[in-house]
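Visitor: I need the structure of the sequence given here:
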Amino acid sequence: MKVIVISGPTASGKTSVSIELAKMFGGEIVNFDSLLFYKELNIGTAKPTLTEMGSIPHHMVNIKSISTPINAADFAQMAFPIVENLISQNKNVFLVGGSGFYLQALLKGMYDSPTTPPEILERSEQLYKDQGIDPFRKILLENDLKSYERYHLNDHYRIRRAVEHFWNTGSPLSSARESKDSLNSQLMKSTIHNWDLHHIYLDIPKKEHLAIIEERSKKMIEQGLIEEVKDLLTCGFTGLEKPLQSIGYKEAINYLSGKYESIHECVEQMIISTRQLAKSQRTWFNRDAFKFNFNPLEERHQIFLQVENFLKKTKDLE
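Guide: Here you go, the predicted model:
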């Protein structure tokens, strides 16, 4: 039962490394990058093309519309049987992505959070329509300071989710999260499942990574990100959908609405936002004591050698 995680911050080379590994050693890829779930999003997500995917089956890619976003619990529920099915066929599984919370939900389970009643969802939606995100942040400031400090002011979805949890339970969402984190820290293995798991974490020195981020942001514009967003808005999407509030799409929407004076300003903001995302991803993954760190620019051979040794060792034990 061999499961290999390929994680890392955005623009760290996860796609190319994982596809090469799957081609070399056989296996299939299960995506846990939350934006690759959506069939309408392509350029701004750096989604691999059919040519790049080659003959390697990819799961959890292009499975939803942005009109019906899925959360980490949904992902775990959908991805678990896929992984189990692949394992039952003696296929190598490559879990690939940068959405750490989604990976954690799959490997270690979710913290308890009861289903939000319709009346609270309606209350949340009405307040958001009337006053935006500011009253939600004020509620967190007064009642759940840790969540207030945790979520970036542009992360409207998670800010609202924390407030809805507080309204529903009377207790801070951060308390439930800390309880689960405490249980996870006591878990002396990488997953609650009976999987033989090996975690490869890719990261690049910040100076080199910034150059890659800058180049990729410019390339997205050249490839037609603005046109992609314009088409989505023309098709009836509002731009307020959670996936369209992600990096690249939000800046493109702001450019189209006139918030930015030039395309250069749009690109610069994309770069800043991507750097901030990479920083938060590093912080998240650095808490994982079960991973092996590699710089894919200089240690590609070592990555492949380690995966080969892991697969060989596991096979020898069967």
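
Visitor: What residues does the residue most central in space within the chain make contact with?
Guide: For the chain, the residue nearest the mean C-alpha position is residue 99 (2.3 Å; C-alpha atoms, centre = their mean). The neighbours of residue 99, taking C-beta atoms under 8 Å, 6 or more residues apart in numbering as the test, are 32-34, 72. All C-beta spots, glycine's among them, are computed from the backbone N, C-alpha and C.

Visitor: Can you tell me how far it is from residue 9?
Guide: 11 Å (C-beta to C-beta, to the nearest Å).

Visitor: same question, residue 220
Guide: From residue 220 to residue 9 the distance is 17 Å (C-beta to C-beta).

Visitor: Now residue 63: closest residue in space, sequence neighbours ignored.
Guide: residue 37 (5.5 Å; C-beta to C-beta, 6 or more residues apart in numbering).

Visitor: if we can go back for a sec, neighbour count for residue 220 and residue 9, which is higher?
Guide: Looking at residue 220 and residue 9 with other C-beta atoms under 10 Å, you find the greater number of neighbours at residue 9, namely 25 against 22.

Visitor: Count the residues that sit near residue 233.
Guide: So residue 233, with other C-beta under 10 Å, has 15 neighbours.

Visitor: and whichever helix or strand it is part of, how far from the chain's centre?
Guide: Taking DSSP states H and E as the criterion, residue 233 maps to helix 225-234. Its chain's C-alpha centre and that of helix 225-234 lie 22 Å apart, by C-alpha atoms, centre = their mean, to the nearest Å.

Visitor: Alpha carbons of that helix, as CSV, please.
Guide: Taking C-alpha atoms only, helix 225-234 is exported to CSV below (Å, rounded to 0.1, in the frame of the first residue of the first chain):
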residue,chain,number,x,y,z
LEU,A,225,-5.7,35.1,-17.9
ILE,A,226,-7.6,38.3,-18.4
GLU,A,227,-9.5,36.9,-21.3
GLU,A,228,-10.3,33.7,-19.3
VAL,A,229,-11.8,35.8,-16.5
LYS,A,230,-13.6,38.0,-18.9
ASP,A,231,-15.2,35.0,-20.5
LEU,A,232,-16.3,33.6,-17.0
LEU,A,233,-17.9,36.9,-16.1
THR,A,234,-19.7,37.0,-19.5
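
Visitor: Which neighbouring elements make contact with it?
Guide: Packed against helix 225-234, as judged by 3 or more C-beta pairs under 8 Å, 6 or more residues apart in numbering; DSSP states H and E, are the following elements: helix 249-256.

Visitor: how far does the following helix or strand past the helix it packs on sit from the chain's center?
Guide: As assigned by DSSP H and E, the chain's next helix or strand after helix 249-256 is helix 263-285. Here helix 263-285 is found 14 Å from its chain centre; the criterion is C-alpha atoms, centre = their mean.
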